[in-house]
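*Asks:* only geometry, no sequence info:
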């Protein structure tokens, strides 16, 4: 799957590219409005990440171009926090999703994968990790074929983990993903721990393995180890 | 007090005092001349009487104006002037008289001679003086009042116009101009100075605003880079525990600065009124949503939540700001609470009350809504939540109050 990252901050692009490539995406980059114009007119992309604050032009104008040339591409716009107008206008003009800067790489990954699923590029609405199967349409989780009785938040956390499998996920990133940006300023993340404990228990009760590993106080990693 | 009132009051006091003093002096002067003249007249009367007795033996007695009595022998007495009260048959009361008396020997007889005249005229005089001065006083005051009023309406009109325009002045509205023109030097100078001042205020404010915005934006990008690099670093396999802890610590603080600059930017945007879109917002629904957001935090602290929400609070305001207000207030009530504490949320048509249990705070209430003011210096939070709440209230002209009673911190917002 081919992704075009349109963002002027080279260091940030590097980190994004690095992260997404380990997830199996093919990444190309454009650092300015003009570079983006060139790439968009020459190639087709499956997903485009567009930072609206670009040197050389208004990112919103690029949306028009994308809609003309790359109609089938999933478009994720990146805007500064608090610039609600950009966000709303971007979505009105046909962007599929937005993320505000600064963001967690795991969050970006989760947005891109969700975009990919919604566009059915994979032709699948199912995520499978060994004995765990997640249906993202019906929001159901099966372990060894048995449906798991998860709360909405537990489901969101598990999905976030499975999407970002083999990656260290910070508690802050989980809190922001599930509880929202505004609320994650809490100095105490114990409430996350109790949800994770429940998920583990529910998977193990259905003879699933424990894939949720604690990472030295940073957060968690969902992996086979 | 208005200027007109003040000057009128001063005029009244000064002219009143002057008129009283002038009246008193006037009275004494008049009274002095009156008595002097009366004395002279009575003195002449006595002389005439004496001569008349000498020549004619006697003259009729016009009591009480002229009294002539023969008295037993005694030494002569020269002129004596007194005020006395004598019963008057017509008036049927005692009335004051001026009297000059003399005991003298005429034709070998000892006489007591007295010439008198009433002092009633003097009372009348006093009355007349009081009335006249009073009348002049009233006349003067009335004319002063009207002159002042006319002056204040006409001369001061540009001043009041300027004042009204200044009331509408806002530091974030560029292009402020005073329209009033006056022939008077003082007012043109005032307007010139004010225009200079307001231009300075506006430009200072604009540059401060731009600075805050630019600084926040500029800080945001490097922070995003640092954050992404640290997240990449975390992914390295074989990371040791102490390495992971170092990364984590740097990561947490990066996020904290990031939050801080975002919040500062938000504060600036609220202060600049950059949230113009308004719509009718059902506060009861919004509060319900926000409480749901915090349910894990509430559960975690085993807090008891008492909710009394009437459904009829509809506010015409910006959605994002209403949300921000509630998140900050409910968030504070959760965060600054104690284990197994309590939160009470009450909403009716015009009022939101959020109270929570918690430690007594030692800061003055007036500082509580200030930026970066923290009750606990070691706290992780930068102390901007209540500053945001205050700004949102100011923008919407809502009144916000804090008080501590019955061991509860209570914040009240009157819409």
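*Replies:* Here it is on my side, so go on. Note that this is a predicted model, so its numbers are computed, not measured. Numbers count the residues shown, from 1 in each chain, chains lettered A, B, ... in the order given.
*Asks:* What count of nearby residues applies to residue B:306?
*Replies:* 10 (other C-beta atoms under 10 Å in any protein chain shown). Backbone N, C-alpha and C define where each C-beta goes, glycine included.
*Asks:* element containing it?
*Replies:* strand B:304-309 (DSSP states H and E).
*Asks:* neighbouring strands for that strand, and are they parallel or not?
*Replies:* Looking at strand B:304-309 with DSSP bridges, its partner strands are strand B:342-348 (parallel).
*Asks:* Next up, the contacts around residue A:131.
*Replies:* Contacts for residue A:131 were tallied using C-beta atoms under 8 Å, 6 or more residues apart in numbering or on different chains; they are A:143-144, A:207-209.
*Asks:* For it, which non-adjacent residue is closest in space?
*Replies:* Of all residues not flanking residue A:131 in the chain, residue A:144 sits nearest, at 4.9 Å (C-beta to C-beta, 6 or more residues apart in numbering or on different chains).
*Asks:* where's that neighbour relative to residue B:395, distance?
*Replies:* Distance from residue A:144 to residue B:395, counting by C-beta to C-beta, to the nearest Å: 56 Å.
*Asks:* In terms of neighbours, single out the busier of the two.
*Replies:* residue B:395 (16 against 12).
*Asks:* buried stuff in the one helix or strand that one maps to?
*Replies:* Residue B:395 is part of helix B:385-396, with elements assigned from DSSP H and E. The neighbour-count check on helix B:385-396 (16 or more other C-beta atoms under 10 Å in any protein chain shown) flags B:385-393, B:395-396 as buried.
*Asks:* between those, which is closest to chain A?
*Replies:* Lowest distance from chain A to those (C-beta to the nearest C-beta) belongs to residue B:385, with 8.7 Å.
*Asks:* Now that closest one: closest residue in space, sequence neighbours ignored.
*Replies:* residue B:328 (4.3 Å).
*Asks:* Tell me the pLDDT of residue 130.
*Replies:* Since you didn't name a chain, this refers to chain A. For residue A:130, the pLDDT comes out at 87.
*Asks:* sorry, should have said chain B
*Replies:* So, for residue B:130, pLDDT stands at 80.
*Asks:* Mind listing what's buried along the helix or strand harbouring it?
*Replies:* Assigned by DSSP H and E, residue B:130 belongs to helix B:120-154. By neighbour count on 16+ other C-beta under 10 Å, the buried set for helix B:120-154 is B:122, B:125, B:129, B:133, B:137, B:141, B:148, B:152.
*Asks:* And stretch B:210-227, by the same measure?
*Replies:* For stretch B:210-227, by 16+ other C-beta under 10 Å, it's B:212-213, B:216, B:219-221, B:223-227.
*Asks:* How about stretch B:171-190?
*Replies:* B:171, B:176, B:178, B:180, B:182, B:187, B:190.
*Asks:* which bits of the stretch 251-400 of chain B sit near chain A?
*Replies:* Within reach of chain A by C-beta under 8 Å from any C-beta of the partner chain, the stretch 251-400 of chain B has these residues: B:251-252, B:255, B:258-259, B:262, B:265-266, B:269, B:275, B:293-294, B:296-297, B:299-300, B:320, B:323-324, B:327, B:331, B:335, B:379-381.
*Asks:* Give me the buried subset of those residues.
*Replies:* B:251-252, B:255, B:258-259, B:262, B:265-266, B:269, B:275, B:293-294, B:296-297, B:300, B:320, B:323-324, B:327, B:331, B:335, B:381.
*Asks:* Give me the distance between the residue most central in space within chain A and residue B:93.
*Replies:* With distances taken as C-alpha atoms, centre = their mean, residue A:110 lies nearest the centre of chain A, 2.0 Å away. Applying C-beta to C-beta, the value for residue A:110 to residue B:93 is 113 Å.
*Asks:* Check residue A:168 too.
*Replies:* In terms of C-beta to C-beta, residue A:168 sits 117 Å off from residue B:93.
*Asks:* Which one of these two is surrounded by more residues?
*Replies:* Comparing residue A:168 with residue B:93 by other C-beta under 10 Å, the one with more neighbours is residue A:168, at 26 against 9.
*Asks:* what's the nearest residue to that one if we skip its chain neighbours?
*Replies:* Once flanking residues are discounted, residue A:168 sits nearest to residue B:234: 4.4 Å by C-beta to C-beta, 6+ apart.
*Asks:* Now do the helices in the stretch 251-400 of chain B.
*Replies:* B:283-293, B:295-300, B:319-335, B:385-396 (DSSP state H, counting those that start in this stretch).
*Asks:* and the next element down the chain from the longest helix along chain A?
*Replies:* Longest helix in chain A, counting residues (DSSP state H): helix A:190-205. Of the helices and strands lying after helix A:190-205 in sequence (DSSP H and E), the nearest is strand A:212-215.
*Asks:* and chain A, which of its residues are near chain B?
*Replies:* A:9, A:11-12, A:15-16, A:18-19, A:22, A:80-82, A:84, A:101-106, A:153, A:167-168, A:170, A:172-173, A:179-180, A:182-183, A:185-188, A:190-191, A:194-195, A:215-218.
*Asks:* packing partners for the helix holding residue B:130?
*Replies:* Here helix B:120-154 touches helix B:3-56, strand B:93-106, going by 3 or more C-beta pairs under 8 Å, 6 or more residues apart in numbering or on different chains; DSSP states H and E.
*Asks:* try 7 Å
*Replies:* Of the remaining helices and strands, those touching helix B:120-154 by 3 or more C-beta pairs under 7 Å, 6 or more residues apart in numbering or on different chains; DSSP states H and E are helix B:3-56.
*Asks:* Following the helix it packs on in sequence, what is the next regular element?
*Replies:* Taking DSSP H and E, what comes next after helix B:3-56 is strand B:66-70.
*Asks:* In PyMOL, how would I select the buried members of the residues of chain A next to chain B?
*Replies:* Buried residues among the residues of chain A next to chain B (16+ other C-beta under 10 Å), as a PyMOL selection:
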select buried, chain A and resi 9+12+15+16+19+80+81+82+84+101+102+103+104+105+106+153+167+168+170+172+173+179+183+185+186+191+195+215+216+218
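*Asks:* Thanks a lot, catch you later.
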